[in-house]
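Predicted structure and sequence below. I'll ask about it afterward.
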Amino acid sequence: MADKMTIIDIIRAHGLLMPETENEVREFESKYDVSNDLPDDWDDPLAIIKRGPQELTQIRIIDDESIDEEINSLGMAARKGNDLPEHLIEKMKKQHRNEP
Amino acid sequence: MKTEEVECLLLAISDKENDSRVAEVAFTELYRAYSKFLHSVLSKAIKDMGICDDHIANTIVNNTFFKIFNNPLVFSFPNGASTDGTFKAWLCKVAKNELLAKIDEFYDKKRFISLDRVNAVTVFSTTELDEELIQTVNHNELEKVLNILSDRDRHILMTLYMYFEKGKKTPSDVISLLCDMHNVTEANIRKIKERSEKKIVEYFSKRNILKPIKNGR
């Protein structure tokens, strides 16, 4: 009899959750380009040791309302009160969703 | 990196009391080898949870590597390991635990644990799918189906999956955390999860890629 898997098992196996096994790591690295993702301390890793552990000071939740507000405020600032073109709004929403 | 190289670096870091300069050089090398990967994993996970990444990924990378500096020998490769994949997987687990702990602290849920854990409930369905059919599912199709969900529903589902531990019940404080994060009720969380998983199954069923064998609770 074939083994059973749940939806979460499938999603994890295809690298869509934080990897927890060697296979999931391999799957993640085959799907996502990590080479350009420079963390803040890249130039001075020893700053981590001097700084010590940090707390989270802010957690903002992405939702459609907050995206719309951000788009509106950026649009107003950039275009001096005029609306952003529709294709730019869609591009910003896609970036929030991690879509290519 | 090769497994021996990782082991040498961790050993050098563990000897920081005797030779801090060598330990720091080793730490720098380890950071440069793995921080980009870890940062990518965290950035994606944070966005999938519906959180704006205002330096959250960097904070967790910082804390994860700080833990490694303090206790480098807590990790060891399993017998027969030929690649550093298990080290990367372990880094991700440490980072995930740190991320979830920091989110919990931020929402200050821990003070409710003692009462709420008595009422821990199982949230996840046990919709089981035949593995032969699962073999035909690919990454692109999965991303596509997750993107047909609304942003909020997808974020809630992915956050639930982040907290999921196989074989264990979902603590009520995780559910109440989600309620606070997304400004919804517990009943909404359940409905969103059921509705989202139903959409995923229907998507693949319609494309005749896979069929549900059994729905369970």
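Thanks, I have the structure now. Numbers count the residues shown, from 1 in each chain, chains lettered A, B, ... in the order given.

Where in the chain is the helix or strand with the lowest mean pLDDT?
This is for chain A. One helix or strand of chain A scores below all others by mean pLDDT, DSSP states H and E: helix A:64-79, with a mean of 60.

Not quite, go with chain B.
Per mean pLDDT, DSSP H and E, bottom of the list for chain B is helix B:113-116, a mean of 45.

Once you drop chain neighbours, what's closest to the single nearest residue of chain A relative to chain B?
Closest to chain B within chain A is residue A:22: 3.4 Å, counting by Cβ to the nearest Cβ. No exception for glycine: its C-beta is placed from N, CA and C like everyone else's. Nearest non-adjacent residue to residue A:22, counting by Cβ to Cβ, 6 or more residues apart in numbering or on different chains: residue B:85, 3.4 Å away.

ok, now which ones touch that neighbour?
Neighbour list for residue B:85: A:22, A:23, A:25, A:26 [criterion: Cβ atoms under 8 Å, 6 or more residues apart in numbering or on different chains].

Only whichever of these are buried, select them in ChimeraX.
Buried members of those can be picked out in ChimeraX with the line below, counting by 16 or more other Cβ atoms under 10 Å in any protein chain shown:
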select /A:22,25,26
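
Return the member of the contacts of residue B:85 nearest to residue B:181.
Distance to residue B:181 across the contacts of residue B:85 (Cβ to Cβ) is lowest for residue A:25, with 27.4 Å.

Tell me the confidence at the closest one?
Looking at residue A:25, its pLDDT is 94.

Am I right that it is in contact with residue B:91?
No. With contact defined as Cβ atoms under 8 Å, residue A:25 and residue B:91 do not form a contacting pair (9.2 Å).

what about residue 41, neighbour count?
I went with chain A, as the question did not name one. If you count neighbours by other Cβ atoms under 10 Å in any protein chain shown, residue A:41 ends up with 20.

I was after chain B.
Residue B:41 has 28 neighbouring residues, counting by other Cβ under 10 Å.

How about the one 10 residues further on?
Residue B:51 is flanked by 22 other residues according to other Cβ under 10 Å.

for residue B:3, same thing?
Applying other Cβ under 10 Å, we find 18 residues neighbouring residue B:3.

do residue B:178 as well
Neighbour count for residue B:178, taken as other Cβ under 10 Å: 26.

same thing with residue B:201?
Residues lying near residue B:201 (other Cβ under 10 Å) number 19.
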